[in-house]
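Novice: Below are the sequence and a predicted model; questions follow.
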Amino acid sequence: MKIKKIGDVDKFFKVIDNCRGKVELLTDEGDRLNLKSRLAQYVSLANIFSDGTISEIEVVADEPEDQDKLTKFFEQEP
């Protein structure tokens, strides 16, 4: 799932915390960051928002129900 905007970052990470399987952020360099890890969350936030914008990121969930949770979250984002 490609993302261009995250309005409520705290709520985004709460959705990820409630996912059963692995949720990863794919970087432009091809790295995969485990977003269920607090350290990876902080690192990804620092990189994503370093200039105040998100060009585009990709988030991948292993479990279909987790993908549904993320899709629902982004459909409700302003």
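Specialist: Sure thing, it's come through. Please read these numbers as outputs of a predicted model, since none were measured by experiment.
Novice: So which residues make contact with the worst-scoring helix or strand of the chain on mean pLDDT?
Specialist: The weakest-scoring helix or strand in the chain, judged by mean pLDDT, DSSP states H and E, is helix 38-48 (a mean of 78). Where contact means Cβ atoms under 8 Å, 6 or more residues apart in numbering, the residues beyond helix 38-48 that reach it are I6, V9, F13, I16, L25, T27, L33, N34, L35, I54, I57. Where C-beta positions appear, they are placed from N, C-alpha and C, glycine not excepted.
Novice: Sheet partners, orientation included, of the host helix or strand of the fifth one?
Specialist: When elements are defined using DSSP states H and E, L25 is found to belong to strand 23-26. On the basis of DSSP bridges, the sheet neighbours of strand 23-26 come out as strand 32-34 (antiparallel), strand 57-61 (antiparallel).
Novice: Present those strands as JSON lines; the columns should include mean neighbour count, mean pLDDT and distance to K72.
Specialist: As requested, the strands paired with strand 23-26 are exported to JSON lines (neighbours: other Cβ atoms under 10 Å; pLDDT from 0 to 100; distance: least, Cβ to Cβ, whole Å):
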{"stretch": "strand 32-34", "mean neighbour count": "15", "mean pLDDT": "90", "distance to K72": "21"}
{"stretch": "strand 57-61", "mean neighbour count": "18", "mean pLDDT": "90", "distance to K72": "12"}
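Novice: Now render the ones you listed as CSV, adding distance to R20.
Specialist: Below are these laid out as CSV (distance: least, Cβ to Cβ, whole Å):
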stretch, distance to R20
strand 32-34, 14
strand 57-61, 9
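Novice: Mind giving me the ChimeraX select for the contacts of helix 38-48, buried ones only?
Specialist: When burial is assessed using 16 or more other Cβ atoms under 10 Å, the buried subset of the contacts of helix 38-48 is captured in ChimeraX by this command:
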select :6,13,16,25,33,35,57
